[in-house]
Each structure stands twice: as structure tokens, then as C-alpha cells.
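In: mind looking at a prediction? Sequence and model below.
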Amino acid sequence: MRIENDKLLSIFGLCKKAGKLGLGRDAVKAAVMSNTAKCIFLAKDASANHEKEFAYLSQTVPLKRLECTMDDFYFAIGKKVGVISVNDENFMKLLKFGG
């Protein structure tokens, strides 16, 4: 089920406040390696290298390419990044992507 970008970005903001969001390449990789990442989200303007790297890592964690840009991420979470991870099952249920 597709949810609106504004709602998605709002949930990302809540995840950040709860400390359940991995921000940027290194934090997302660490979350995947420690099995805390529930899903990886790529901005539509993230680099091809990011996509290739996280496609490989997403063999254990779902990977979603979003219609949001890195600027959208910046306005929602205060950091301009191309990749984020949601590290909580309950937030994944809110996002309706399962987990």
C-alpha cells in the first residue's frame, strides 16, 4: 500500500526522536550488520553506488526506493542523507510495509 510522502516523512521524524532511525551510509550499514534494521529506504536522488551497495545488503533487510529526495529527508529529520533505516518493528507497522 502506498502512503503519502508527507505521512512517511512525519513517521521518519518520529522514528528519529525515538532513536529508531539510522541516518546515512555508516549508520545504516551498522544497523544491518547488528540485525536491528527492519527496512532500508533510499532517496530517489541517492547515488547509484548507494543503491548497489544497499541492494547487496538488502538480501536480509527489505530495500525501498522512495519518491522523496535528500532535501525532503533534511526537512523531515534535520540531516541531508541519501539512505536511512527504520530500526523498530512498530514503526514499520505504522509505515504499512510490514517488517
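Out: Happy to help now that I have it.
In: for the protein, which segments are assigned as strands?
Out: Listed in chain order, the strands of the chain (DSSP state E) span 21-23, 39-42, 63-65, 83-86.
In: any idea which of these is most buried?
Out: Burial of the strands of the chain is given as mean neighbour count (mean count of other CB atoms under 10 Å); strand 83-86 ranks first at a mean of 27. To be clear about C-beta, it is placed using only N, CA and C from the backbone, and glycine gets the same treatment.
In: got the CA coordinates for that strand in PDB?
Out: The C-alpha coordinates for strand 83-86 follow below in PDB (Å, rounded to 0.1, in the frame of the first residue of the first chain):
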ATOM      1  CA  VAL A  83      19.800   6.400   2.900                       C
ATOM      2  CA  ILE A  84      18.100   5.700   6.200                       C
ATOM      3  CA  SER A  85      16.900   2.700   8.100                       C
ATOM      4  CA  VAL A  86      14.000   2.200  10.300                       C
END
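In: hmm, who's touching it?
Out: Strand 83-86 has contacts (CB atoms under 8 Å, 6 or more residues apart in numbering) with 12, 15, 20-25, 27-28, 31-32, 37-43, 46, 50, 54, 61, 73, 77, 92, 95.
In: need the residues that contact stretch 56-65.
Out: Outside stretch 56-65, the residues within contact range by CB under 8 Å, 6+ apart are 29, 32, 35, 37-42, 44, 46, 51, 54-55, 85, 97-98.
In: just the buried ones out of these, please.
Out: The neighbour-count criterion (16 or more other CB atoms under 10 Å) marks 29, 32, 37-42, 46, 51, 54, 85, 97 among the contacts of stretch 56-65 as buried.
In: pLDDT check: weakest of those?
Out: Least confident of the buried ones among the contacts of stretch 56-65 in the model: residue 97, at 59.
In: ok so, going back, quick one, which of the strands of the chain gets closest to residue 5.
Out: Nearest of these to residue 5, taken as CB to CB: strand 39-42 at 11.6 Å.
In: which strands or helices does the longest helix along the chain pack on?
Out: In the chain, assigned by DSSP state H, the helix with the most residues is helix 5-18. For helix 5-18, the helices and strands in contact under the criterion 3 or more CB pairs under 8 Å, 6 or more residues apart in numbering; DSSP states H and E are strand 21-23, helix 70-77, strand 83-86, helix 89-95.
In: I'm done for today, thanks for sticking with me.
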